[in-house]
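Enquirer: fold the following for me, if possible:
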Amino acid sequence: MRHRLVFAALLVGPALAAAAACGLDENGLLGPDASLESGTDVVIIDVSVDVPQGCQTLDVSACADAAAPSGWSYAAVVLADAECPSVAYEKTPLLFGPQVAPGGCACGCTVDGGYSCAGTLMAGSKNPNCNGAGTPAPFDAGDDGNCFDPGWNDPHISITSLPTPSGSPTCNASETGDGGWTASAATTCTPACDASDFCALAAPYHRCVVSTTSTTCPAPFTAGQALLGTAANVSVVCNACGCQVPAPTSGCDASVYAFTGDQCSGGEAGPIPTNGTCVDTGGGHNINSFFYTPLPPPATCTPSDAGGSASLQGGVLTVCCLPP
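Expert: Coordinates of the predicted model:
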């Protein structure tokens, strides 16, 4: 597994620290939001969300029958990059729901080796059936182009069917992704003591308490929401890269041309089929040599795993709100 913590310069956010994440639902926080992206990889260790501490004596009796317990702070939360309700609130830009960006966990593959079409074939000439006595000539196809000089002085030629591909090419896997990610913007607005409108807040604001040390929602703030953090909190885990060599999708092929002279010189005829068919080049084009070029099927590799996941880790902000 490839594991990365990445920092995005797009967020000017406070730093983050360690606390367990919790499985909370996302009631009321599914509205539109801005999209943010990661930048240069930077490993961040033991950092914490530094949300401003709100007024500890804020009067919430109009909407809640209990004050925020120790470790929790009042906050108005918006799942978007939004302005706070008034100057009585301090804004903290955060993010939620990180995802691996397209290509962020991509793998690449390169091929080692390839397929061979080497093998002994038969070339025939003489008479319309290319099987005159003593005329079929064995030749080793090899994997390179070669000229063969049977000296037939005859217009007929046949090349037997090609061998099947052989060989065991392998693949080398490599990481091509940069661990990039995207996330959605969120905003917490921390109220001061003169924020008398906290209980009267309406959409898009949610009346909540937040904590970096507790994960169980306290009554009456029982509507758990998406975890929030900053860019330094984003952890990207990429699956191990792997590559597979698929079976060849085609067999061996070859290019064959016949010549009137020795050493593949003189008039040229072709291409000659390579399926045992006897060809009459006609027109007095007597064949004395031919050039054979094998064409093995290509060896290819495809990534077997190039996915991954992104999440908020370490010191994330637990958000619990009043039920709608």
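Enquirer: and the gap between residue 270 and residue 136?
Expert: 19 Å (CB to CB, to the nearest Å). Where you see a C-beta, it was placed from the backbone N, CA and C, and this is true even at glycine.
Enquirer: leaving out the residues flanking it, which one is nearest to the residue of the chain most remote from its centre?
Expert: Residue farthest from the centre of the chain, counting by CA atoms, centre = their mean, is residue 133 at 61.6 Å. Sequence neighbours aside, residue 126 is the residue nearest to residue 133 in space, at 7.7 Å (criterion: CB to CB, 6 or more residues apart in numbering).
Enquirer: could I get the contacting residues of that neighbour?
Expert: 132-133, 135, 152, 154, 156 (CB atoms under 8 Å, 6 or more residues apart in numbering).
Enquirer: show me where the stretch 101-250 of the chain dips below the pLDDT cut-off.
Expert: 134 (pLDDT under 70).
Enquirer: strands of the stretch 101-250 of the chain, start to end?
Expert: Ranges of strands in the stretch 101-250 of the chain, per DSSP state E, counting those that start in this stretch, are 107-112, 120-124, 137-140, 146-148, 156-159, 170-175, 181-191, 206-211, 223-224, 234-238, 242-244.
Enquirer: of those strands, which is nearest residue 274?
Expert: strand 156-159 (4.7 Å; CB to CB).
Enquirer: who's in contact with the closest one?
Expert: Residues outside strand 156-159 that contact it (CB under 8 Å, 6+ apart): 121-128, 130, 254, 256, 258, 272-281, 287, 290, 292.
Enquirer: how many neighbours does residue 82 have?
Expert: If you count neighbours by other CB atoms under 10 Å, residue 82 ends up with 20.
Enquirer: quick check on it: phi, psi?
Expert: Main-chain torsions, residue 82, degrees, to the nearest 10: phi -130, psi 160.
Enquirer: swap in residue 262?
Expert: phi -70, psi 160.
Enquirer: same question, residue 321
Expert: Dihedral angles for residue 321 - degrees, to the nearest 10 - are phi -120, psi 160.
Enquirer: quick check: bridge partners of it?
Expert: residue 208, residue 223 (DSSP bridges).
Enquirer: gap between it and residue 222?
Expert: In terms of CB to CB, residue 321 sits 8 Å off from residue 222.
Enquirer: for residue 247, same thing?
Expert: Residue 247 is 57 Å from residue 222, by CB to CB.
Enquirer: looking at these two, which is more packed in?
Expert: Taking neighbours as other CB under 10 Å, residue 247 and residue 222 compare with residue 222 leading, 13 against 6.
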